[in-house]
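*Asks:* 3D, please:
(2 chains)
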2 protein chains.
Amino acid sequence: MKISFLAVGDELLSGETAEANGKFFAQEISGLGLQMTCLLMAGDDEAEMVRAFEFLGKNSDAIIVTGGLGPTPDDLTSEVFAKFMGADLEFDPEILAGIEARFKIRGMQMPLSNKKQALIPKNARIIGNQFGTAPGYEVELKGRHWFFFPGVPSEFKQMAMDSLLPRLLELEGSRKSVKVKTLRVYGIPESGIADRLIKMKFDPELKIAYLPEFPDIHLRLSAALADAAKAEKVVESAAEAIQAELGEYLISEDDDPLEATVGKLLKARGLTLATAESCTGGLVAKRITDISGSSDYFLGGFITYSNQLKVRELGVSESLLKEKGAVCAEVAREMAIGARERTGADLAIAITGIAGPAGGTKEKPVGTVYMALADDRGIWSRDFIFLPISRDLVRTLTAETALEIIRRRLLNLRMPGEKKDGGK
Amino acid sequence: MKISFLAVGDELLSGETAEANGKFFAQEISGLGLQMTCLLMAGDDEAEMVRAFEFLGKNSDAIIVTGGLGPTPDDLTSEVFAKFMGADLEFDPEILAGIEARFKIRGMQMPLSNKKQALIPKNARIIGNQFGTAPGYEVELKGRHWFFFPGVPSEFKQMAMDSLLPRLLELEGSRKSVKVKTLRVYGIPESGIADRLIKMKFDPELKIAYLPEFPDIHLRLSAALADAAKAEKVVESAAEAIQAELGEYLISEDDDPLEATVGKLLKARGLTLATAESCTGGLVAKRITDISGSSDYFLGGFITYSNQLKVRELGVSESLLKEKGAVCAEVAREMAIGARERTGADLAIAITGIAGPAGGTKEKPVGTVYMALADDRGIWSRDFIFLPISRDLVRTLTAETALEIIRRRLLNLRMPGEKKDGGK
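*Replies:* Got it, this is the predicted structure:
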């Protein structure tokens, strides 16, 4: 089955918005053994949309279209497609009732512009949208299956998983069983992983994709086979072999982010955690609490952005701050000790640094970060220098490293930044 | 001039790699008053590439192609395009000498497969590549200008800036001045904005794009005119009129996120801020400290995830927690008061709620959030119920609302959730 994708929206062609739906869809269908033939982005322009419909209609069995189903005047997809197929748009009272109900729940009256979203091409099969006002729909035209969805990624994602993928598998007929497993790796570059994996022997049915998701690398293992048990075995045995090869660099085996792995380790050991953040300003705690159930092990944290709060809330010594400034190993250590004592947590992680772009000095340039971890074994601390490409990048890498420090401490692994041979 | 873009590579259609060159190019040319007509991604497949060449050649004055110029067998662009134009590939000894020299510098001998990169279509004009082995080139065919570049983003970026953009401006002849302004709106749906804007009269040269960037809506106003002052006036007068119409819903006029607007307001008034977060777990403080220079007004915050920390760090009363639980208005108020007192900040915002998916009850379902703000005018508090679509969504909306509470308090606007007519 030839599947093509059309993303509609001026914002995609002005470079303001990165195309997300086609990319997500491509990843998902490749996990099902299906493949995208081409991905086209067109603007909110009737002539361009017609050209796109003609081009994709000629050479595809299924065409997925996202965007342009909204309530505003630049949303043209349904109208243009109806013209293209030579049919009329029909008013669907059920859709309208659904839209009105959505607004009512929020105590609002439906703006008139939303009425437009209840107009869909004749004979279209409605595809429900749990999360937004515009439904999707499927139209069959000259043996091609056309699918239309709103462009909002959260809405498309849900509708693709719930309705589109099962429908495509149904159309495909001969269904293969697909087994997918994603391993997450941190602390070794993509080429370093490739160098190791190239020497290994895998089943020829195994597909390995390298997906860099900064700052991690995701290794997506998949096999699509008629025999479900075989597919499972191919993927699982590869995962085991890769796990043995990459060892400590593997941060999760089930596509979990690092904060979930840390959470599982803490929970399994019955330990509690607290944070003391300066330059990350709450990002580490935010990531830890992204995980539902984190209240089982996360007690809380301090964001001591000002020096005064470092002293008052964490007991960092004033003379130390005066003498060495806020960005040094000693302050990180006192912050960790203070957070652990104040909260009664088993572990406390502390972070102080210069995220930039301002605030750097010759001795302590932007990207300089000190971290410390306090637990019943004592205090561990280290300095890091992250590439000061942007404030966001420094903070992202700092938070990932902070979580990695906790993971490695809990697993008794070599700590981040320490040389493999034991250093000097 | 109609400009279209073709990105070639299987990795783009499997979702493994995000398309970066077209997005970058689109941003750059829109700043020059040029516009991309469509962006197509095709795989490393001869038939698909020919279809793409036919489609783009029919309706574009300039076609930019990236990818498939490398040395490996799946790099087919030059070969397929030569066939498409009915010409031969010619061996260019100068290109080969350049490639050999690149390897020599690194003390390496050129692998044989690189020879292929010296084969380019007849009559092509070479475009130099400082950073890689494959040069780019331009071919004129039936009045269309075809440009070919390597797919490596760093190489394409450099070649686009140095050679492609000046060449396109040369082809365009009459250069237009472009003025762009992005307004951010929060608290009114896209359709509600459309309802208001549809009644307004704008200059016919004004283009308005609605860009939903959850939970905000971005309104992108632009005008491309030969007369720079006129373009500026068209955009600025529209911005003023929209500002007057949307009033309190406009959260920034210069594409700043809400946390930047809040930061500017605090700084202008010489006020300081502290946070006390439970269910958002540091997200609000993280967003505030995303802004460089936030240490001027942000003192710090407390993440009191456990009840014990709410008592110990913020002075929330134990009997209140016992009686009413952690998720209630009174606890939010005590958290705000405690955070303000402990830090000495002028304003403190406090948040307690149920982000889910677990933890909801019949009386307090997932999505229930209480927020309070303490300042010298007293304590303001309110309950919110956010749609419990996901933990992430509840937290994102909660954080945005918390920042909006601060913005509205500082501007003496109606507070979030209060009825326009004053409510009951």
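
*Asks:* And what about A:Glu140, helix, strand or coil?
*Replies:* With DSSP: H, G, I helix; E, B strand; the rest coil as the basis, A:Glu140 sits in strand.

*Asks:* Give me the neighbour count for the closest residue to A:Ser295 other than its chain neighbours.
*Replies:* Once flanking residues are discounted, A:Ser295 sits nearest to B:Tyr305: 5.7 Å by C-beta to C-beta, 6 or more residues apart in numbering or on different chains. The way it works is simple: take the backbone N, C-alpha and C, and place the C-beta from them, glycine included. Applying other C-beta atoms under 10 Å in any protein chain shown, we find 28 residues neighbouring B:Tyr305.

*Asks:* Identify the residues contacting B:Tyr305.
*Replies:* A:Thr289, A:Ser294, A:Ser295, A:Phe298, A:Leu299, A:Gly300, A:Gly301, B:Ser278, B:Gly281 (C-beta atoms under 8 Å, 6 or more residues apart in numbering or on different chains).

*Asks:* Need phi/psi at the nearest residue to the first one once chain neighbours are set aside.
*Replies:* In space, and not counting its chain neighbours, A:Thr289 is closest to B:Gly281: 2.7 Å by C-beta to C-beta, 6+ apart. Dihedral angles phi and psi of B:Gly281 (degrees, to the nearest 10) take the values phi 50, psi 30.

*Asks:* Tell me which residues touch B:Gly281, please.
*Replies:* By C-beta under 8 Å, 6+ apart, B:Gly281 lies in contact with A:Gly282, A:Ala285, A:Lys286, A:Ile288, A:Thr289, A:Asp290, A:Ser294, A:Phe298, B:Ile303, B:Tyr305, B:Arg395.

*Asks:* cool, A:Leu246 as well?
*Replies:* A:Leu183, A:Val185, A:Ile188, A:Ile193, A:Arg196.

*Asks:* Repeat that for A:Leu168.
*Replies:* Neighbouring residues of A:Leu168 by C-beta under 8 Å, 6+ apart: A:Met1, A:Ile3, A:Ile29, A:Leu32, A:Leu34, A:Ala62.

*Asks:* Tell me the predicted confidence for it.
*Replies:* The model reports A:Leu168 with a pLDDT of 92.

*Asks:* Now it: which helix or strand?
*Replies:* For A:Leu168, the host element (DSSP states H and E) is helix A:165-172.

*Asks:* Can you list the buried residues in that helix?
*Replies:* A:Leu165, A:Arg167, A:Leu168, A:Leu169, A:Glu172 (16 or more other C-beta atoms under 10 Å in any protein chain shown).

*Asks:* Nearest the geometric middle of chain A, what residue?
*Replies:* Centroid-nearest residue in chain A: A:Glu213, 7.8 Å away (criterion: C-alpha atoms, centre = their mean).

*Asks:* what about that one, distance to A:Glu404?
*Replies:* Computed as C-beta to C-beta, to the nearest Å, the A:Glu213 to A:Glu404 distance reads 15 Å.

*Asks:* The helix or strand of chain A with the lowest mean pLDDT near chain B at all?
*Replies:* Least confident helix or strand, chain A: strand A:207-213 with a mean of 77, by mean pLDDT, DSSP states H and E. Yes: using C-beta under 8 Å from any C-beta of the partner chain, we find that strand A:207-213 touches chain B at A:Ala209, A:Tyr210, A:Leu211.

*Asks:* any idea whether A:Ile95 is helix, strand or coil?
*Replies:* Assigned by three-state DSSP, the conformation of A:Ile95 is helix.

*Asks:* Which pLDDT value goes with it?
*Replies:* If you check A:Ile95, the pLDDT there is 91.

*Asks:* What is the neighbour count of it?
*Replies:* A:Ile95 has 21 neighbours, counted by other C-beta under 10 Å.

*Asks:* Which residue, neighbours along the chain excluded, lies closest to it?
*Replies:* Using C-beta to C-beta, 6+ apart, the nearest residue to A:Ile95 is A:Ala118, at 4.2 Å.

*Asks:* Convert the strand or helix carrying A:Ser222 to PDB, retaining C-alpha atoms only.
*Replies:* A:Ser222 belongs to strand A:216-225 when assigned by DSSP H and E. Extracted C-alpha coordinates of strand A:216-225, given in PDB (Å, rounded to 0.1, in the frame of the first residue of the first chain):
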ATOM      1  CA  ASP A 216      19.500  10.900  24.500                       C
ATOM      2  CA  ILE A 217      19.800   8.500  21.600                       C
ATOM      3  CA  HIS A 218      16.800   6.200  21.100                       C
ATOM      4  CA  LEU A 219      17.500   2.800  19.500                       C
ATOM      5  CA  ARG A 220      14.300   1.500  18.000                       C
ATOM      6  CA  LEU A 221      14.300  -2.200  17.400                       C
ATOM      7  CA  SER A 222      11.500  -3.700  15.300                       C
ATOM      8  CA  ALA A 223      10.500  -6.800  13.500                       C
ATOM      9  CA  ALA A 224       7.400  -7.200  11.300                       C
ATOM     10  CA  LEU A 225       6.600 -10.800  10.700                       C
END
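
*Asks:* Next secondary structure element downstream of it?
*Replies:* Next in sequence after strand A:216-225, counting helices and strands by DSSP H and E, comes helix A:228-246.

*Asks:* Now tell me what touches the helix or strand following that next one from outside.
*Replies:* Downstream of helix A:228-246, the first helix or strand assigned by DSSP H and E is strand A:250-252. Strand A:250-252 is contacted by residues A:Leu183, A:Arg184, A:Val185, A:Tyr186, A:Asp216, A:Ile242, A:Gln243, A:Leu258, A:Ala260, A:Thr261, A:Glu404, A:Arg407 when judged by C-beta under 8 Å, 6+ apart.

*Asks:* Buried ones from those, can you make that a ChimeraX selection?
*Replies:* Selection command for ChimeraX covering only the buried members of these, criterion 16+ other C-beta under 10 Å:
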select /A:183,184,185,186,216,242,258,260,261,404,407
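
*Asks:* quick one: which of the contacts of strand A:250-252 is nearest to chain B?
*Replies:* A:Ala260 (12.4 Å; C-beta to the nearest C-beta).

*Asks:* ok, now which ones touch that closest one?
*Replies:* Contacts of A:Ala260 (C-beta under 8 Å, 6+ apart): A:Ser252, A:Ile291.

*Asks:* hang on, the earlier thing: before we move on, what's the pLDDT of the residue nearest to A:Ser295?
*Replies:* Listed pLDDT for B:Tyr305 reads 95.

*Asks:* same question, A:Asp346
*Replies:* 98.

*Asks:* Check for me that A:Met108 belongs to a helix.
*Replies:* No: assigned with three-state DSSP, A:Met108 falls outside any helix and is coil.

*Asks:* Chain B versus A:Leu119, what's the distance?
*Replies:* Distance, A:Leu119 to chain B, using C-beta to the nearest C-beta, to the nearest Å: 14 Å.

*Asks:* Return the set of residues that bridge with that residue.
*Replies:* For A:Leu119, the beta-bridge partners under DSSP bridges are A:Phe91.

*Asks:* interface residues of the stretch 251-400 of chain A facing chain B?
*Replies:* Taking C-beta under 8 Å from any C-beta as the contact definition, the stretch 251-400 of chain A meets chain B at A:275, A:277, A:279-286, A:288-290, A:292-295, A:298-306, A:308-309, A:312-313, A:342-344, A:355-358, A:391-392, A:395.
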